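Student: Requesting a structural model of the entry that follows:
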Amino acid sequence: MSTALPFLEILRDGFHAWWSLAGAQRCFFSVCGIEFEICPKKGDGLNDKLNYTFPGGASMDHGLYFVNTSRHIEKIHDSQYYILSSFVAFSHVLISLLPNGDFKEGPKPSELNGTEIIGKYALPHWEISGFIEYIEYGHMQGDMHLIIPEGAYAVRLGNEASIKQCLPVSTGSYYAITFSAVRTCAQDEQLNISVSPESSLMPMQTIYSSVGWDSYAWGFQAKYDYVELVIHNPGVEDDPACGPLIDSVAIQTLYPPPLTAYNMLKNGDFEEGPYLFANASWGVLIPPMIEDVHSPLPAWMVESLKAVKYIDSGHYAVPQGMRAVELVAGRESALAQIVQTTPWQNYSLTFLVGDAADGCIGSMLVEVYAGRGTSRVPYESNGTGGFQKAFLQFVATGNTTRIVFLSSNYHMKFDGSLCGPVIDDVWLF
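Tutor: Coordinates of the predicted model:
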């Protein structure tokens, strides 16, 4: 609808956009599907109007002020400018649930047919496509009780169904999306998560937690100042009610950690990573790199078939700091980083091995690889927390060296959920 006009000056500051009205006659522009029209009347900026149309056709116009829960347009009296903040008052650093990311704001009763949501924009702050159900806590599917551990509401995605939300971001910056999901009756469920032009297909066959739900992290680099996040169910089941449930969608800005003079590894303490839900006691899964172009755990890759678990000190025993990684899938769960080295020079690698105090009991064995150097570190876990320091000295054979951690053994808690040794505080010098 809009075209670039010479009198429309767009300056961006964080998540605000300023539109100069000086000398404007009439102009149109669109941000994330919301179409705006600036209509100055006198040219003095005092009686200018801004009309806007929401997706779906609802239209409104305003003079000097407009405020509601999702958009804010404010007149600056001493100049001919409007300031527009889209969606919510995000701080410059995004660390939060998305607007209605927990789906507590539901459709109107008139927009529900049983549990099915009727209308593309019926779910507040989201755009939906296909067969989407609004599921409340306590909902029964036959004899099966659908668990919603993080709150009272979730959405279920039927065959080829999706939910979408537009996010204000900063071009070139890195972000991690965290969301919780659970499969229902389909065994081979997958979810496609995308922020154009990037997308990843996440398999959900393996259930890692005892509650049935798992939280997943996915990373991307923003190519524009506004991006559309899409969570899509590509499955084709005979019963659309067998689709996955989605709850609690959040975003966090990631800052690629720099190299320091004391550690050749980046993010060796794992403090930089995806959003962790305060009320979720099962951590966040970091998917294999084959599923993820930009790692949500900066500088680290998951070079295996299964995920690793990102844990926090609020729910687990963490050896150092507030974050660590648990290797939860044996040899199928490997964590790696590539570092710059000098051929034939000696290096020392130090790290902490422990357990997360999550009831994971047994004889653990962590394998570490660095160039041609290898080490096998045993750790006897009582499942109550604890750690020990380990070392590996090696000689680099090339300009780069791959550092790899994996668990030699498979471990399972008494409730059947996967677990394993914890890695933290990794140093290379």
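
Student: When you work out contacts or count neighbours from here on, use the C-alpha atoms and nothing else.
Tutor: Fine.

Student: what's Gly420 in contact with, if anything?
Tutor: By CA atoms under 8 Å, 6 or more residues apart in numbering, the contact set of Gly420 is 326-330, 355, 360, 364, 407, 410-412.

Student: gap between it and Ser381?
Tutor: Noted for Gly420: a distance of 9 Å to Ser381, by CA to CA, to the nearest Å.

Student: what does Asn267 give?
Tutor: Counting by CA to CA, the gap from Asn267 to Ser381 is 26 Å.

Student: if we can go back for a sec, need the contacts of Gly420 in JSON lines (columns: distance to Phe391).
Tutor: Below are these laid out as JSON lines (distance: CA to CA, whole Å):
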{"residue": "Glu326", "distance to Phe391": "19"}
{"residue": "Leu327", "distance to Phe391": "18"}
{"residue": "Val328", "distance to Phe391": "22"}
{"residue": "Ala329", "distance to Phe391": "23"}
{"residue": "Gly330", "distance to Phe391": "21"}
{"residue": "Asp355", "distance to Phe391": "18"}
{"residue": "Cys360", "distance to Phe391": "24"}
{"residue": "Met364", "distance to Phe391": "16"}
{"residue": "Ser407", "distance to Phe391": "16"}
{"residue": "Tyr410", "distance to Phe391": "23"}
{"residue": "His411", "distance to Phe391": "23"}
{"residue": "Met412", "distance to Phe391": "27"}
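
Student: Tell me the buried residues within those.
Tutor: 326-330, 355, 360, 364, 407, 410-412 (16 or more other CA atoms under 10 Å).

Student: Out of the residues you listed, which sit inside strands?
Tutor: 326, 355, 364, 407, 411-412 (DSSP state E).

Student: which among the buried ones among the contacts of Gly420 gets closest to Ala154?
Tutor: Nearest to Ala154 among the buried ones among the contacts of Gly420: Val328, at 26.6 Å, using CA to CA.

Student: Is Tyr369 in contact with Ser407, as I believe?
Tutor: No: assessed by CA atoms under 8 Å, Tyr369 is found out of contact with Ser407, at 11.7 Å.

Student: so what's in contact with Gly420 and Ser381 at the same time?
Tutor: Residues touching both Gly420 and Ser381 (CA under 8 Å, 6+ apart) are 355, 360, 364.

Student: On the pLDDT front, check the last one for me.
Tutor: On pLDDT, Met364 comes in at 97.

Student: quick one: the helices in this structure?
Tutor: Counting by DSSP state H, one finds no helices in the chain.

Student: any low-confidence regions in it?
Tutor: For the chain, applying pLDDT under 70 flags the ranges 1-95, 138, 140-146, 149-151, 186-188, 238, 240-241, 290-292.

Student: domain ranges for it?
Tutor: Using automatic domain parsing, the domain parsing of the chain gives 10-85, 95-254, 316-428.

Student: With distance to Val284 added, can I get those in CSV?
Tutor: Formatted as CSV, the domains of the chain follow (distance: least, CA to CA, whole Å):
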stretch, distance to Val284
domain 10-85, 27
domain 95-254, 5
domain 316-428, 10
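
Student: leaving aside the residues next to it on the chain, what's closest to Leu123?
Tutor: In space, Leu123 comes closest to Pro107 once its chain neighbours are excluded; the distance is 5.1 Å by CA to CA, 6 or more residues apart in numbering.

Student: And for that neighbour, the neighbour number?
Tutor: 18 (other CA atoms under 10 Å).

Student: which residue is nearest the middle of the chain?
Tutor: Nearest to the geometric centre of the chain sits Ile177, at 1.2 Å (CA atoms, centre = their mean).

Student: so who does the nearest residue to that one once chain neighbours are set aside touch?
Tutor: Leaving out its chain neighbours, the residue that sits closest to Ile177 by CA to CA, 6+ apart is Ile251, at 4.6 Å. By CA under 8 Å, 6+ apart, the contact set of Ile251 is 94-98, 175-178, 274-275.

Student: now, which of these sits nearest Ala396?
Tutor: Here the nearest of those to Ala396, counting by CA to CA, is Pro274; it sits at 31.5 Å.

Student: ok, that closest one - contacts?
Tutor: Listed by CA under 8 Å, 6+ apart, the contact partners of Pro274 are 176-178, 217, 251-252, 254, 284, 296-297.
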